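> Could you look at this predicted model? Sequence included:
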Amino acid sequence: MSLVSEFLGQLTLSYGGEAEPTFPTVVPARDFDAAKDAARLETAIKTKGVDEQTIIDILTWRSYDQRREIAFEYEKMSKKDLMSALKGALSGSLEAVMLGLMLSTSQYDASELKSSMKGLGTDEESLIEIVCSRSNAELQDIKTVYKELFKKDLEKDVAGDTSGNFAKLLLALVQGKRDEPSNVVDYEKIDEDAKALYEAGVKRKGTDVVVWISIMSERSVPHLQKVFDRYKSYSPYDMKESIKMEVKGDMEKSFLTLVECFENRQLYFANRLSEAMKGKAAKEKVVTRIMVSRCEVDLMKIRTEFKKQHGKSLYQTLSEHTKGDYQKALLSLCGGDD
């Protein structure tokens with residue numbers, strides 16, 4: 001589909017679900033001129049050796065909607081698709097960031113899910129991060145977009161690429177059965193769920209994982225926060241300790257991701273970023289995905305949690321563990337030092 005028709009098509013697209021409040025680092029630019037930006041990009045791409053700095057300055061300082069307008073103007077002006085032009089001009093990690101920014105958050109998540117299930121072997125870590133950290137509304141959007149982009153059902157692809165309880169858990173999340181938050185606090189249900197989690201795990205020999213899956217994939221987040229609190233009155237261990245004792249591998253990672261996101265989603269991402277930049281070289285795939293997918297969602301809050309938890313700002317950490325144009329792009333998305 002050409003970018004122009006895709007852009008026009010998107011003007012009428014709207015998805016259901018209540019929008020959560022956002023804390024972006026990337027916001028719409030003031031005095032925005034899409035045609036001017038498109039012309040500057042064309043010059044930057046055509047320049048001998050490519051003017052990466054101009055590409056970074058434009059694409060990381062515009063909102064997604066503005067980037068789509070630029071792409072629309074670019075195609076009108078040059079008769080070329082901006083995505084293809086960027087692919088031809090850039091490479092490596094910088095290319096991954098810039099191409100990611102040309103997609104909506106849902107399109108980007110859908111593409112990341114697709115690539116984690118492509119070819120031989122599954123990238124379980126990416127699957128877990130995306131499926132277990134997104135809200136019901138986000139997962140609904142991702143499913144819709146996945147079908148549009150790849151003409152396949154996300155559920156079918158997940159089922160074909162995973163197995164056992166891991167598949168059951170991911171499918172339960174993707175199916176979006178989670179209750180919406182209610183103003184009524186059901187203390188009886190909270191107690192019932194806390195007891196059921198305890199009796200299905202720590203209390204017995206062997207874990208009844210199906211019980212854990214149904215409670216963690218179907219209850220609302222505020223309800224589960226109260227359940228985990230109540231759980232401590234039944235079990236000598238908190239929920240995270242219980243998970244580490246009861247399950248291993250992908251199940252352990254998935255349940256821990258869920259619990260961490262129920263407790264504080266931004267802290268989860270802050271810890272993921274810190275972990276990805278522990279060694280000498282950053283795990284660029286993880287860093288890129290979080291920075292691109294959260295910059296217009298909650299990266300400002302992730303930054304705050306990062307500094308609070310790790311005693312060093314995200315900006316500083318990115319400066320130390322990345323380099324070159326890739327670093328410039330990430331620091332721009334980060335939106336400042338704390």
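Noted; the coordinates are in hand.
> surely residue 70 meets residue 86?
No: in this structure, residue 70 sits apart from residue 86 without contact. The criterion is C-beta atoms under 8 Å, and the distance is 11.2 Å. Every C-beta, even on glycine, is put in place using the N, C-alpha and C of the backbone.
> Give me the common contacts of those two.
The contact sets of residue 70 and residue 86 do not overlap (C-beta atoms under 8 Å, 6 or more residues apart in numbering).
> quick one: the helices in the stretch 151-300 of the chain?
Ranges of helices within the stretch 151-300 of the chain are 154-161, 164-174, 187-200, 209-218, 221-231, 239-246, 249-276, 284-294, 299-310, based on DSSP state H, counting those that start in this stretch.
> Pick the most deeply packed of the ones you listed.
For the helices of the stretch 151-300 of the chain, average neighbour numbers computed from mean count of other C-beta atoms under 10 Å are highest in helix 284-294, which has a mean of 22.
> which strands and helices sit next to that one?
Other helices and strands packing on helix 284-294, by 3 or more C-beta pairs under 8 Å, 6 or more residues apart in numbering; DSSP states H and E, are helix 92-101, helix 105-116, helix 124-133, helix 249-276, helix 299-310, helix 324-334.
> In contact with the closest residue to residue 123 other than its chain neighbours: list those residues for me.
Taking C-beta to C-beta, 6 or more residues apart in numbering as the measure, residue 123 lies nearest to residue 116, with 3.9 Å between them; neighbours along the chain are not counted. In this structure, residue 116 makes contact with 122, 123, 124, 126, 127, 130, judged by C-beta under 8 Å, 6+ apart.
> quick one: which of these is nearest residue 221?
Top of the list for closeness to residue 221, among these and by C-beta to C-beta, is residue 130 at 17.1 Å.
> Which pLDDT value goes with that closest one?
According to the predicted model, the pLDDT of residue 130 comes to 98.
> and of the helices and strands packed on helix 284-294, who's closest to residue 47?
Closest among these, using C-beta to C-beta: helix 324-334, at 13.9 Å.
> For residue 160, which residues are in contact?
residue 117.
> let's go with 10 Å and repeat that
For residue 160, the contacting residues are 117, 122, 152, 167, by C-beta atoms under 10 Å, 6 or more residues apart in numbering.
> can you check residue 299 too?
Residue 299 makes contact with 22-26, 266, 269, 273, 290-293, 306, 314, 333-335 under the criterion C-beta under 10 Å, 6+ apart.
> same thing but at 8 Å, please
For residue 299, the contacting residues are 23, 24, 25, 26, 291, 333, 334, 335, taking C-beta under 8 Å, 6+ apart as the criterion.
> Tell me how far residue 173 lies from residue 213.
9 Å (C-beta to C-beta, to the nearest Å).
> Which of the contacts of residue 160 sits closest to residue 277?
For the contacts of residue 160, with residue 277 as the reference and C-beta to C-beta as the criterion, the closest is residue 122, at 24.2 Å.
> In contact with the closest one, which residues are there?
By C-beta under 8 Å, 6+ apart, the residues touching residue 122 are 116, 161, 162.
> one more time with 6 Å
residue 161 (C-beta atoms under 6 Å, 6 or more residues apart in numbering).
> One more: residue 22?
residue 297.
> sec struct for it, please.
coil (DSSP: H, G, I helix; E, B strand; the rest coil).
> Would you mind measuring from it to residue 51?
Counting by C-beta to C-beta - residue 22 and residue 51 are separated by 31 Å.
> Now do residue 278 against residue 287, distance only.
When distances are taken as C-beta to C-beta, residue 278 and residue 287 turn out to be 11 Å apart.
> Next: residue 53.
Remark: distance between residue 53 and residue 287 (C-beta to C-beta) = 20 Å.
> next one: residue 147
To residue 287, residue 147 is 29 Å away according to C-beta to C-beta.
> Now the helices of the stretch 151-300 of the chain in a markdown table, please, with extra columns for mean pLDDT and distance to residue 143.
Formatted as a markdown table, the entries for those read as follows, by pLDDT from 0 to 100; distance: least, C-beta to C-beta, whole Å:
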| stretch | mean pLDDT | distance to residue 143 |
| --- | --- | --- |
| helix 154-161 | 96 | 5 |
| helix 164-174 | 97 | 7 |
| helix 187-200 | 98 | 26 |
| helix 209-218 | 98 | 15 |
| helix 221-231 | 97 | 19 |
| helix 239-246 | 97 | 27 |
| helix 249-276 | 98 | 18 |
| helix 284-294 | 98 | 16 |
| helix 299-310 | 98 | 24 |
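> Of all those, which one comes closest to residue 111?
In this view, the helices of the stretch 151-300 of the chain are compared for proximity to residue 111 by C-beta to C-beta, and helix 284-294 is the closest at 10.2 Å.
> For the closest one, which outside residues touch it?
Residues external to helix 284-294 that are found in contact with it (C-beta under 6 Å, 6+ apart): 93, 96-97, 100, 105, 108, 112, 269, 273, 276, 302, 330, 333.
> Okay, angle between that helix and helix 92-101 too, please.
For helix 284-294 against helix 92-101, the angle between stretch directions is 20 degrees (axes from the mean of the first three to the mean of the last three C-alpha atoms, to 10 degrees).
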